[in-house]
Structure formats: C-alpha cells, structure tokens
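K.L.:
can't give you the sequence, but here's the structure:
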C-alpha cells in the first residue's frame, strides 16, 4: 500500500496494528495493517495454545466448563469482521469460526455451536 495519500492516525503497539486514513470524494477511508512478521508471530502463539491445551482433555476434565477460549483473532481481522457484519452476529460468527480457512485463529479443536438458552 502506498502511503502518499494516507495519513497514519493510530499506531497501536499493543495489538501491533497501524490505522491509516485519507479523504476521498468527501468520505473518510480507513485501512488497518499488520506486518507479516506480527501476524505470523500471533499465528504461532495461537498454534502453541492449541497444542498445549488439547481440547479433548479439557472436555474430559470438566463437562461444566461452559466458557472456553476458542480463538485469538487479531484486531485487523476483527475490524474486517465488523465491516462485513459478521462480528456481533452469533450465527455468522459461528459459521466464520467453523470455516476451515479460519482455523489459523482457533485455539482448540471441535466445532463451535451457538448455546441455546
């Protein structure tokens, strides 16, 4: 991405996400970016968490554990999910989490289900 027209408005050191903005045709456009190294480091941490916390053993230890860490999703991806209307919609979010192409962000195995109350 060329930054000649874009202006850095946020450089979040915690999430390692940079947010750029520019005006175009009387609209404010924003773009988030994360370096490949930071994204790969996050993916490695998720893989380590998945390997350390085998989901089958957690399930056997306690069937009453209704809150389980199921994913670590970078802010860049969350922002995109918000724009697509997936974030905040339980059914669409469940489908997104169960999609094999998004397995990279899952910290456990199994299948995510919407809990019926």
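P.N.:
Arrived safely. Computed from a prediction, not measured in an experiment: that's the story for all the values here. Numbers count the residues shown, from 1 in each chain.
K.L.:
can you give me the strands in this structure?
P.N.:
Using DSSP state E, the strands assigned to the chain run over residues 7-12, 17-24, 27-33.
K.L.:
okay, those, which one's buried deepest?
P.N.:
Highest mean neighbour count among the strands of the chain (mean count of other Cβ atoms under 10 Å): strand 17-24, with a mean of 15. (Glycine included, C-beta is placed from N, CA and C.)
K.L.:
what comes into contact with that one?
P.N.:
When contacts are defined by Cβ atoms under 8 Å, 6 or more residues apart in numbering, strand 17-24 is touched by residues 1, 3, 5-12, 28-34, 74-76.
K.L.:
same check, this time on stretch 31-48
P.N.:
Applying Cβ under 8 Å, 6+ apart, the contact partners of stretch 31-48 are 1, 6, 15-21, 71-72, 74-76, 79-80, 104-107.
K.L.:
any of those buried? List them.
P.N.:
Among the contacts of stretch 31-48, those scoring as buried are 6, 16-20, 71, 74, 76, 79, 104-107 (criterion: 16 or more other Cβ atoms under 10 Å).
K.L.:
now distance to residue 96 and pLDDT too, for the residues you listed, in JSON lines please.
P.N.:
Output for the buried ones among the contacts of stretch 31-48, formatted as JSON lines (distance: Cβ to Cβ, whole Å; pLDDT from 0 to 100):
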{"residue": "6", "distance to residue 96": "28", "pLDDT": "91"}
{"residue": "16", "distance to residue 96": "22", "pLDDT": "80"}
{"residue": "17", "distance to residue 96": "19", "pLDDT": "83"}
{"residue": "18", "distance to residue 96": "24", "pLDDT": "86"}
{"residue": "19", "distance to residue 96": "22", "pLDDT": "87"}
{"residue": "20", "distance to residue 96": "25", "pLDDT": "87"}
{"residue": "71", "distance to residue 96": "10", "pLDDT": "83"}
{"residue": "74", "distance to residue 96": "14", "pLDDT": "83"}
{"residue": "76", "distance to residue 96": "15", "pLDDT": "82"}
{"residue": "79", "distance to residue 96": "14", "pLDDT": "85"}
{"residue": "104", "distance to residue 96": "12", "pLDDT": "83"}
{"residue": "105", "distance to residue 96": "10", "pLDDT": "85"}
{"residue": "106", "distance to residue 96": "11", "pLDDT": "85"}
{"residue": "107", "distance to residue 96": "15", "pLDDT": "79"}
